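1. have a look at this fold, sequence not included:
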């Protein structure tokens, strides 16, 4: 083949890569949300929760994994003890993953009302949950975090769904709040994610749960591998994969968490989430089988395509760079991408107090999320990101009445 023919072929390939990458990012963040909304309206249904009297409520274990949570554990336990659920059917369990502060000591002061499992060797959250659930006999296990503040009726709202034997897991609604003076806008992005959860839930294709408020039927629980990073995502889907059970989203069961005040802490958290996402594909790839119905569509579109977006963005920029000498549109595309990424990162450093201008920070969120995903991928493939988590510093949000 002549040199000119080779160059023409390379240009055609670069053109295809650019437009396919742009289309893929657009699909993941814009087309899919619109599509899932329409599909939910056309084919979805909102199941009504069963009516369950106190005498028929199941036994529940509220399992809180903790590592060095002395700053919040007392208030978290007080919050759990205040839940509107029959005391004789509720067990509160604090599972300490080798805490070396006063977490176990403080939790031990509630002896008689709270069970403390003190594991001396640090193993990570998934391994801690696996070991703890083996010691529990309650019909329903509610997984939560030490920094999640649960509304009083949340447990009742979650467990009523298990009157239907087809239900294996129930996801509550997690509300994220900004600390005073914080620059994080994760709550705006979380509303977008919550919208997707509602749509996917109506199609019976909910993807995972919120780590702060997730109920699992004891008999449907499948222990995740000990080094699992995204346990809140993997645990419900392993139950669905193994047992074919339903995963329900209940927006009336509310938990609240505060986002980190510093973007660096949030970025580190998202790197971990990104690594966990890529790891989860290797565990849950069978859910991508189209014969599994809507769950295959939502898993591919919402998660796999989203996790691959950093590579699509890199592909779009590199292909635009290669084509920039032949066509102005690609020169401008390359320049526009570079400016967008630079400006979005700068916006994260500038205080924006106006509520009208605050959505501009979504550009920062978009760029940092994809940067974290990319770094998370390399940390996962390099083996440096494991199941052991590092506590994020937060303060307690103001609890609201149910």
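-> Thanks, I have the structure now. Keep in mind that what you see is a predicted model, and the values were worked out from it rather than measured. Numbers count the residues shown, from 1 in each chain.

2. quick one: buried residues of stretch 100-118?
-> For stretch 100-118, a neighbour-count test (16 or more other C-beta atoms under 10 Å) marks 101, 103-104, 106-107, 110, 114-117 as buried. (C-beta placed from N, C-alpha, C; glycine too.)

3. any low-confidence regions in the stretch 251-400 of the chain?
-> The stretch 251-400 of the chain contains residues with pLDDT under 70 at 260-263, 351-359, 384-400.

4. cutoff 50 now
-> By pLDDT under 50, the low-scoring segments of the stretch 251-400 of the chain are 396-400.

5. could I get the full set of helices for it?
-> Under the criterion DSSP state H, counting those that start in this stretch, the stretch 251-400 of the chain contains helices at 263-284, 294-298, 305-323, 328-347, 361-382.

6. domains in this structure, as residue ranges please.
-> 3-27+300-382, 54-261 (automatic domain parsing).

7. which helix in this structure runs the most residues?
-> Using DSSP state H to define each element, the chain has its longest helix at helix 3-26.

8. who touches that helix?
-> When contacts are defined by C-beta atoms under 8 Å, 6 or more residues apart in numbering, helix 3-26 is touched by residues 1, 305, 308-309, 312-313, 315-316, 319-320, 322-323, 326, 330, 333.

9. same list (the helices of the stretch 251-400 of the chain) but as CSV, adding distance to residue 168.
-> Shown next, in CSV, are the helices of the stretch 251-400 of the chain (distance: least, C-beta to C-beta, whole Å):
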stretch, distance to residue 168
helix 263-284, 15
helix 294-298, 13
helix 305-323, 24
helix 328-347, 40
helix 361-382, 27
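
10. tell me which of these lies nearest to residue 161.
-> Of all these, helix 294-298 sits nearest to residue 161, with 17.9 Å by C-beta to C-beta.

11. got the contact list for that closest one?
-> 36, 39, 200, 203-207, 240, 287-290.

12. ok, of those residues, which come out buried?
-> If we count by 16+ other C-beta under 10 Å, the contacts of helix 294-298 have these buried: 36, 39, 200, 203-207, 240, 287.

13. where among the domains of the chain is the average confidence lowest?
-> Of all those, the minimum mean pLDDT falls on domain 3-27+300-382 (a mean of 87).

14. mind listing which of the buried residues of stretch 100-118 are in strands?
-> Here DSSP state E is the test, and those give 114-117 as lying in strands.

15. which among those gets closest to residue 69?
-> Nearest member of these to residue 69, counting by C-beta to C-beta, is residue 116, at 12.2 Å.

16. so that closest one touches residue 91, yeah?
-> No - under the criterion of C-beta atoms under 8 Å, residue 116 is not in contact with residue 91, lying 11.7 Å apart.

17. which strands and helices sit next to the strand ranked longest in the chain?
-> In the chain, with assignment by DSSP E, the single longest strand is strand 246-258. For strand 246-258, the packing partners by 3 or more C-beta pairs under 8 Å, 6 or more residues apart in numbering; DSSP states H and E come out as strand 149-150, helix 154-159, strand 167-177, helix 186-202, helix 231-243.

18. of the ones you listed, which is nearest residue 84?
-> Evaluated over those, closeness to residue 84 peaks at helix 154-159, with 6.1 Å, by C-beta to C-beta.

19. for the residue positioned nearest the centre of the chain, which non-adjacent residue is spatially closest?
-> By C-alpha atoms, centre = their mean, the chain has its centre lying nearest to residue 210, at 5.8 Å. Sequence neighbours aside, residue 174 is the residue nearest to residue 210 in space, at 4.1 Å (criterion: C-beta to C-beta, 6 or more residues apart in numbering).

20. can you say which of the domains of the chain is packed in most?
-> Greatest average neighbour count among the domains of the chain goes to domain 54-261 (a mean of 20), per mean count of other C-beta atoms under 10 Å.

21. just checking the distance from that domain to the centre of its chain.
-> 13 Å (C-alpha atoms, centre = their mean, to the nearest Å).

22. with stretch 341-350 instead?
-> Per C-alpha atoms, centre = their mean, the centroid offset for stretch 341-350 relative to its chain is 24 Å.

23. before we move on, what about stretch 312-329?
-> 33 Å.

24. also stretch 343-351?
-> 24 Å.

25. hang on, the earlier thing: and which of the buried residues of stretch 100-118 is nearest residue 349?
-> Out of the buried residues of stretch 100-118, the member with the shortest distance to residue 349 (by C-beta to C-beta) is residue 101, at 32.4 Å.

26. the closest one and residue 68 touch, don't they?
-> Yes - using C-beta under 8 Å, residue 101 is in contact with residue 68, at 4.7 Å.

27. and residue 10, how far is that from residue 323?
-> The gap separating residue 10 from residue 323 is 10 Å, by C-beta to C-beta, to the nearest Å.

28. what sits against residue 50?
-> Residue 50 neighbours (C-beta under 8 Å, 6+ apart): 160-161, 163-164.
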